[in-house]
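Participant: the sequence and its predicted three-dimensional model are supplied below.
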Amino acid sequence: MSDLVLTEKRGLTAGPEMIAATLTRQRSNFLRLLAKLDADAWAAPSRCSAWSVHDVVGHVINVAELHVGLLGGGQDMERFLRHGPFSPATTPALWLADSPRQSPEATVQTLADLVDREQELFSARMAGPDGPLMPAPSGRLLHWSTRTLHMMWDAWIHERDVALALGLEPESRVEDFPLVTMYGLLLAGGVGVIGGQPPATVLALRDAAVSRYEIGVVDDDVFVAAGVDAEPDGHGDTAEVLDSLTGREPDLLRALTAPEPVIRSLGVLRHVM
């Protein structure tokens with residue numbers, strides 16, 4: 001197995017420091033992208049059909065607020081719990097409706113302030129014990145640092161929703177964020193387990209180069225190993241596969257060339273999204 005392995009319950013073999021550095025880089029990239037936008041861009045539609053660019057940034061703020069609350073011990077969480085169990089189809093819109101509408105400038109400042117607080121709390125969390133596993137929006141239990149990767153994966157996808165809708169290149173290129181790829185595959189694997197389709201595959205995904213990722217389950221702990229030597233049974237473009245798994249175009253059958261059981265297992269996430 002590869003030296004770099006991510007699991008739901010044990011986190012990343014390289015440790016949370018690598019997650020912290022990657023999260024900081026993605027947050028900085030997104031803020032830099034937002035600084036380029038004029039008023040027309042903020043009001044423009046995003047790749048999320050019901051949301052403007054401003055709405056998408058508001059959602060990223062909501063998730064950052066949730067993350068800060070979780071890292072800080074769960075205070076001020078009532079607004080995220082009042083709508084019942086999380087549903088990707090409805091809950092984010094309810095959170096957004098509960099949020100104050102700010103000017104673009106104030107929105108950027110709010111996100112920047114949250115990012116600073118997030119970094120402080122993540123550093124403090126690294127210095128403490130692991131603690132119990134945490135529930136994730138997927139319904140699976142995660143190591144606290146794996147849950148942070150969920151927040152970063154969400155922000156990375158939404159950075160693309162903003163940039164690509166405006167005809168811009170995302171600041172966070174897929175080839176520079178292998179942990180996003182690993183978490184996207186881990187999430188798909190976990191949702192596949194819930195749907196009765198546990199993953200067992202090796203994918204060769206290409207961005208600037210081609211990397212092989214093994215996805216499997218050991219003792220009800222989904223893992224993704226990067227850079228494995230095994231023969232792949234699936235091939236695709238990394239960004240297209242990650243987009244497809246989240247319900248965006250293209251369809252998974254076009255994004256990923258793989259046997260039907262692999263498509264069925266990983267495609268549970270696309271269906272849920």
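Facilitator: Right, received. Where do you want to start? Treat the numbers as computed from the prediction; the structure is a model and nothing was measured.
Participant: the residue lying closest to residue 176 once chain neighbours are set aside is in what secondary structure piece?
Facilitator: Of all residues not flanking residue 176 in the chain, residue 25 sits nearest, at 7.7 Å (C-beta to C-beta, 6 or more residues apart in numbering). For every residue, glycine as well, the C-beta is placed using N, CA and C. Using DSSP states H and E, residue 25 maps to helix 16-35.
Participant: what helices or strands is that helix leaning on?
Facilitator: Contact here means 3 or more C-beta pairs under 8 Å, 6 or more residues apart in numbering; DSSP states H and E; on that basis helix 16-35 packs against strand 11-12, helix 104-126, helix 144-165, helix 178-194.
Participant: who touches that helix?
Facilitator: Helix 16-35 has contacts (C-beta atoms under 8 Å, 6 or more residues apart in numbering) with 11-12, 57, 60, 104, 108, 111-112, 115, 118-119, 122-123, 125-126, 145, 148-149, 151-152, 155-156, 159, 162-163, 168, 170-172, 176-177, 179-180.
Participant: do stretch 101-109 as well
Facilitator: 31, 34-35, 37, 39, 42, 54, 57-58, 61, 110.
Participant: stretch 232-245 too?
Facilitator: Contacts for stretch 232-245 (C-beta under 8 Å, 6+ apart): 157, 160, 174-175, 180-181, 184, 187-188, 201-207, 211-212, 249-252, 254-259, 262, 266-267, 269-270, 273.
Participant: returning to that earlier point: switch the helices and strands packed on helix 16-35 over to JSON lines; also include distance to residue 231.
Facilitator: Formatted as JSON lines, these follow (distance: least, C-beta to C-beta, whole Å):
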{"stretch": "strand 11-12", "distance to residue 231": "25"}
{"stretch": "helix 104-126", "distance to residue 231": "37"}
{"stretch": "helix 144-165", "distance to residue 231": "27"}
{"stretch": "helix 178-194", "distance to residue 231": "17"}
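Participant: that older thread, so how do I select the buried members of the contacts of stretch 101-109 in PyMOL?
Facilitator: To isolate the buried ones among those in PyMOL, judged by 16 or more other C-beta atoms under 10 Å, type:
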select buried, resi 34+37+42+54+57+58+61+110
